[in-house]
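Novice: Sequence and predicted structure are below.
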Amino acid sequence: MPSKGPVIVITGTPGTGKSTHAQMLAQESPVPLKHINVGDLVKERNLYEEYDAEWESYTVDEDKLLDELEVIVAEGGVILDWHTCEIFPERWPDLVVVLRCNHTKLWERLEKRNYPLKKIQENNEAEIMDVVIMEARDSYPEEIVVELKSESTEDLESNVARMIEWINQWQKNQAEE
Ligand SMILES: Nc1ncnc2c1ncn2[C@@H]1O[C@H](COP(=O)(O)OP(=O)(O)O)[C@@H](O)[C@H]1O
């Protein structure tokens, strides 16, 4: 048995379903995985420079955040759930999952969160412009980046099943090494 579990990044525009996927994966995974909601960590551990009330968002202190995450990632068995991934060092993830959602559905999900209109617009545009997938492809080897649709419960279930299959394969590869 490998001593350390894999490091899985689940990324995507806000509202695409990262936390929903990460929670389900953490519950169903054959190896223990800690779900780290990076946005929550930033707030809980004060890893930000300031809070922007107009955009209702935090300006992250990236150095502090990376120092905190380094310790967590070193232990292995982690799901990093965040709307951006390019600040994570290339050596960290074993798998990078980028969730995608049709912009009409995404708009509805973000409206339910009571985001300010301009924040809904900004995120919706980012999804249409492929911002996160391009960031992931620019930052990591193409063989570890997987783009998955997250528009329905069936998508959620099949995506999690696919990630579990990947973990099983990962475990086999570790055992052979
Ligand atoms: N594949 C999906 N099918 C249906 N609803 C989904 C799906 N993924 C997410 N949702 C819903 O969309 C909303 C945003 O999901 P969430 O996981 O919080 O997104 P994120 O973590 O990317 O911001 C939640 O209400 C969630 O239930």
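Specialist: Structure's in. What do you need?

Novice: The residue in the chain positioned nearest to the ligand - how many residues pack around it?
Specialist: Of all residues in the chain, Gly17 sits closest to the ligand, at 2.6 Å by Cβ to the nearest ligand atom. Glycine gets a C-beta too; all of them are placed from N, C-alpha and C. Summarising burial for Gly17: neighbours were counted as other Cβ atoms under 10 Å, giving 23.

Novice: which residues does it contact?
Specialist: Contacts for Gly17 (Cβ atoms under 8 Å, 6 or more residues apart in numbering) come out as 99, 101, 150, 156.

Novice: Tell me which of these fall in strands.
Specialist: Judged by DSSP state E, these include Leu99 as members of strands.

Novice: what's the most distant pair in the contacts of Gly17?
Specialist: Spatial extent of those (Cβ to Cβ) is set by the pair Cys101 and Leu156 at 11.2 Å.

Novice: Please enumerate the shared neighbours of the two.
Specialist: Listed as contacting both Cys101 and Leu156 by Cβ under 8 Å, 6+ apart are 17, 150.

Novice: Among those two, which residue is more densely surrounded?
Specialist: Each of Cys101 and Leu156 has its neighbours counted (other Cβ under 10 Å); Cys101 has more, 22 against 18.
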